[in-house]
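Undergrad: mind looking at a prediction? Sequence and model below.
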Amino acid sequence: MRAALNICVVLSCVIALANENSPAPVSTAVDVRAEDLLVQPPASNWISYNGDYSGRRYSSLAEINSTNVGQLKAAWVFHAHNTSRLEVTPVVVNGIMFVTAANDAFALDASTGRALWHHSRPITGGLIDDASRHINRGVAIWGSRLYMETDNAHLVCLDARSGNVIWDVAYADWNKNYGATSAPLVVKDKVLVGTSGGDDGVRGFVAAYDATTGKLAWRFWTIPAPREFGSKSWPGTSYLHGGGTTWMPGTYDPELGTIFWGTSNPSPDFEGSVRPGDDLYTDCILALDPDTGKLKWYFQFTPHDLFDYDGVETPILIDAAYKGKPRKLLVQANRNGYMYMLDRTDGKFLSAAPFVEKLNWAKGIDAEGRPIRTEVMPTPNGTRVCPGYAGATNWFAPSYNESTHSVYFMALEQCQTYFSKAQPQRFKEGEMYYSSGVKHIAGENSQKILMAYNLDTGAFAWKYPQVGRARSSGGTMTTAGGLVFFGDDADSFEAVDAQTGKPLWHFNAGQEISASPMTYAIGGKQYAAIAAGSDVFSFALP
C-alpha cells in the first residue's frame, strides 16, 4: 500500500499550479468536525455519500439553475485505470475530491481533476457474487481521516492528507462469502459499516468502530440467534446463513439520536420453506441507537420475501406536514414497487403507494403496512413475477427537493420468470445461495422511468420515461437551482426542471452510468459531478 503521489507541503500550492486558469486558491485543510457533519443542506462541500445525514441529496447551491444549465460544459475528466464500472459518489471537502475505484482511493484537485495522491491496494481473489466485482461506492471523512471499505470487508483508515494507512480492521473475517460494496457512515465518533452477501448465505449485521482507534464499539446482528425475538424463522443453524445484509449506508437524525439502516433479502432467495415466518430482520428499516447499537424499532416491507426485494434503498428523512399535521417522516421508494411513508419517531406506518404498473406479487398494503399477498411465487416450472429480480427501484440514489416537496427516483418496469428448486439448496461456503434463479421473458420490454412523487398531494407530479436498455443504475441529485440531475438510461448525464420534469441539458458520457451525482463549489463556482464507466466527469458554467 502506498501513496503514489505525495501532497506538497501546502496543498494549495499544488492546486494553484495545476492550471493557470484555476480560480483563486482556497483553503485545503481537511478537518471535518462533528458540527460540519450536521450541516444541511450541503453547499460548497459534499461531505458524505448522500451529502448530509438526511439522505435527501439536496444542495443549496443555485449558481447552476434552470435558466442557464443549458450552458454547462465539461470542466475535467478523471480516468480510473483499475475498473470499468465506477459506482462511487465523490466526496468534496475544501476543494479536494475523494473518490474510490475497487480497493483504491484517490484525492483530486476538485477544480481540475489532477491527482494529489493515490492509495493503492490489490483486489481480493476468491470472492463471489457482488464482492467479486470489486465495487466501491465511496468514503467517509472525520477530522483529517478518510475511511473506506474494501471488497473483502475490511475497514481502512487513511490519512486524508497523504493517503497513508493509519489502521486496517477486518470486520467480517470468518466466512469468505462476505464482501463489502458500500461507503461507510460517520456518526459522532464512530464509523458505521455493513456487508454484502445477502444472496450468499451470510449473517447480516451493522457494526460501529471507534473512529480513532478502529476498535469495535458495537455490532447489531440482523438475523436473530436462537431464543432471541424473531428466531422462529431460523431453525437450527440457519440463522448463520439468513442474509439480511446491510450493503448501503443508512441515514441519521441527530435530534432523535437514531440511525436508520436498511437490510437485504433473506437467504436462500427464492426458497422459503427453510425459513418459515416473516424472516426478521430482513427487508427492514432498522432504527438503531448510534451509541450502543440497540434496536429502537423496525419496519419490515416484505415479510417472508421470495423475490429478492431488498429494503436497502435510501431512507429519506423529511420534516413535513402529513394530513395537515407536522410529522417527522421517513420516506422510501422500495424495491418491492411501493413508496412508503413512516413516522420515524416510532416506525408507525402511514401510507404506501404503488409506483410501477407491472406489480403482481401483492394486491396492496394493509392498514398495518403488511403486503396483501397474491398466490404468485417462484416454482420449479417458473412463474412470471413483477417487479423482477432487479426490483422496481434499487440502490441508485433518490433525492428530495425542499422547494417542490417532491421525491425523485428512478423506477424500473420489468417482469421476469422466477424459478425455485424442487429440493432446497444446501448452504456451501464459496457458493451463492439463491436456490435457483430468474430468466428474462422473451418479448417483454423493460423500461426505466424518472419519477417525481409529491408529498403534498400524495401523487406523482410527473414521470419521465427513459430511452435505453433499462440496465443503467444512475441515481439522482436535486438543487436549489430548481434542477434534478441524474444518470439517464442512454449513457448521458442529464438535468431536468424539478417542477415539471422538462429536459433542459444532457451530456453523452459514452459509457453506462452506474453511479449517483453530486455538486460542490470552489471559490463560489459551482460544479456538478458524476461517475460514468471508468471516468469521473465534472461540469461547470463557462
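TA: Everything's here; your move.
Undergrad: just give the closest residue to residue 229, not the sequence neighbours.
TA: residue 280 (7.5 Å; CB to CB, 6 or more residues apart in numbering). In short, each C-beta sits where N, CA and C put it, glycine included.
Undergrad: also residue 360?
TA: residue 386 (4.7 Å).
Undergrad: now do the same for that neighbour: its pLDDT.
TA: As predicted, residue 386 sits at a pLDDT of 98.
Undergrad: against residue 311, how distant is it?
TA: 18 Å (CB to CB, to the nearest Å).
Undergrad: and those two? which has more neighbours close in?
TA: Here residue 386 and residue 311 are compared on neighbour count by other CB atoms under 10 Å; more neighbours surround residue 311, at 28 against 20.
Undergrad: you'd agree that one is up against residue 261?
TA: No: counting by CB atoms under 8 Å, residue 261 is not a contact partner of residue 311; they are 9.6 Å apart.
Undergrad: before we move on, back to that, pretty sure the residue nearest to residue 229 contacts residue 224?
TA: Yes: contact criterion CB under 8 Å: residue 280 and residue 224 qualify, at 6.4 Å.
Undergrad: I'd like the next helix or strand past the helix-or-strand element of the chain with minimal mean pLDDT.
TA: Lowest on mean pLDDT, DSSP states H and E among the helices and strands of the chain sits helix 11-18, with a mean of 39. Using DSSP states H and E, the next helix or strand after helix 11-18 towards the C-terminus is helix 34-37.
Undergrad: other SSEs contacting that next one?
TA: With contacts defined as 3 or more CB pairs under 8 Å, 6 or more residues apart in numbering; DSSP states H and E, helix 34-37 has no helix or strand neighbours.
Undergrad: chain center to it, what's the gap?
TA: 21 Å (CA atoms, centre = their mean, to the nearest Å).
Undergrad: contacting residues around that helix?
TA: Here helix 34-37 makes contact (CB atoms under 8 Å, 6 or more residues apart in numbering) with 45, 47-48, 52-53, 142, 186-189.
Undergrad: which residues touch the residue nearest to residue 33 when sequence neighbours are not counted?
TA: Using CB to CB, 6+ apart and skipping the chain neighbours, the partner closest in space to residue 33 is residue 143 (7.5 Å). By CB under 8 Å, 6+ apart, the contact set of residue 143 is 31-33, 211.
Undergrad: where does the stretch 1-150 of the chain dip in pLDDT?
TA: 1-28 (pLDDT under 70).
Undergrad: all strands for it, in order.
TA: 2-3, 58-59, 73-79, 91-93, 96-101, 104-109, 115-120, 140-142, 145-149 (DSSP state E, counting those that start in this stretch).
Undergrad: and those strands as CSV, adding mean neighbour count and distance to residue 407?
TA: Shown next, in CSV, are the strands of the stretch 1-150 of the chain (neighbours: other CB atoms under 10 Å; distance: least, CB to CB, whole Å):
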stretch, mean neighbour count, distance to residue 407
strand 2-3, 16, 40
strand 58-59, 27, 10
strand 73-79, 15, 29
strand 91-93, 26, 23
strand 96-101, 26, 26
strand 104-109, 26, 31
strand 115-120, 20, 36
strand 140-142, 26, 24
strand 145-149, 26, 27
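Undergrad: closest to residue 527 out of those strands?
TA: strand 73-79 (6.3 Å; CB to CB).
Undergrad: so which elements touch the closest one?
TA: Going by 3+ CB pairs under 8 Å, 6+ apart, strand 73-79 lies up against strand 535-540.
Undergrad: sheet partners, orientation included, of the strand it packs on?
TA: strand 73-79 (antiparallel), strand 525-532 (antiparallel) (DSSP bridges).
Undergrad: redo these as CSV? Include distance to residue 356.
TA: Output for those, formatted as CSV (distance: least, CB to CB, whole Å):
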stretch, distance to residue 356
strand 73-79, 34
strand 525-532, 25
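Undergrad: out of the ones you listed, nearest to residue 176?
TA: Closest approach to residue 176 among these (CB to CB): strand 525-532, 28.2 Å.
Undergrad: just the CA atoms of the closest one, as CSV, please.
TA: The C-alpha coordinates for strand 525-532 follow below in CSV (Å, rounded to 0.1, in the frame of the first residue of the first chain):
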residue,chain,number,x,y,z
LYS,A,525,-18.1,28.5,-8.7
GLN,A,526,-20.5,25.5,-8.8
TYR,A,527,-19.6,22.1,-10.3
ALA,A,528,-21.8,19.0,-10.8
ALA,A,529,-20.0,15.7,-11.0
ILE,A,530,-20.9,12.0,-11.7
ALA,A,531,-19.0,8.8,-12.4
ALA,A,532,-19.7,7.0,-15.7
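Undergrad: now it, how far from the centre of its chain.
TA: On CA atoms, centre = their mean, the centre of strand 525-532 falls 18 Å from that of its chain.
Undergrad: got it, and stretch 324-338?
TA: 17 Å.
Undergrad: hang on, the earlier thing: buried ones only from the contacts of helix 34-37, please, as a PyMOL command.
TA: Those of the contacts of helix 34-37 that count as buried under 16 or more other CB atoms under 10 Å are selected in PyMOL with:
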select buried, resi 45+47+48+52+53+142+186+187+189
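Undergrad: so can I have CSV of the contacts of helix 34-37 showing distance to residue 415?
TA: Output for the contacts of helix 34-37, formatted as CSV (distance: CB to CB, whole Å):
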residue, distance to residue 415
45, 42
47, 40
48, 36
52, 36
53, 36
142, 44
186, 40
187, 39
188, 44
189, 47
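Undergrad: next, format the contacts of residue 143 as a markdown table and append distance to residue 490 and neighbour count.
TA: Below are the contacts of residue 143 laid out as a markdown table (distance: CB to CB, whole Å; neighbours: other CB atoms under 10 Å):
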| residue | distance to residue 490 | neighbour count |
| --- | --- | --- |
| 31 | 41 | 15 |
| 32 | 36 | 23 |
| 33 | 41 | 9 |
| 211 | 41 | 21 |
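Undergrad: between the strands of the stretch 1-150 of the chain, which one is nearest to residue 173?
TA: Closest approach to residue 173 among the strands of the stretch 1-150 of the chain (CB to CB): strand 145-149, 13.3 Å.
Undergrad: contact partners for residue 204?
TA: For residue 204, counting by CB under 8 Å, 6+ apart, the contacting residues are 194-195, 197-198, 221-223, 242-246, 263-264, 282.
Undergrad: between the residues you listed, which is closest to residue 358?
TA: residue 264 (22.3 Å).
Undergrad: just give the closest residue to the closest one, not the sequence neighbours.
TA: Counting by CB to CB, 6+ apart, residue 264 lies nearest to residue 198, which is 3.4 Å off, once chain neighbours are set aside.
Undergrad: now tell me what touches the helix or strand hosting residue 372 from outside.
TA: Per DSSP H and E, residue 372 falls inside strand 371-373. Contact with strand 371-373 is made by 301-303, 336, 338, 361-366, as judged by CB under 8 Å, 6+ apart.
Undergrad: of the residues you listed, which belong to strands?
TA: Those of the contacts of strand 371-373 mapping onto strands are 338, 362-365, per DSSP state E.
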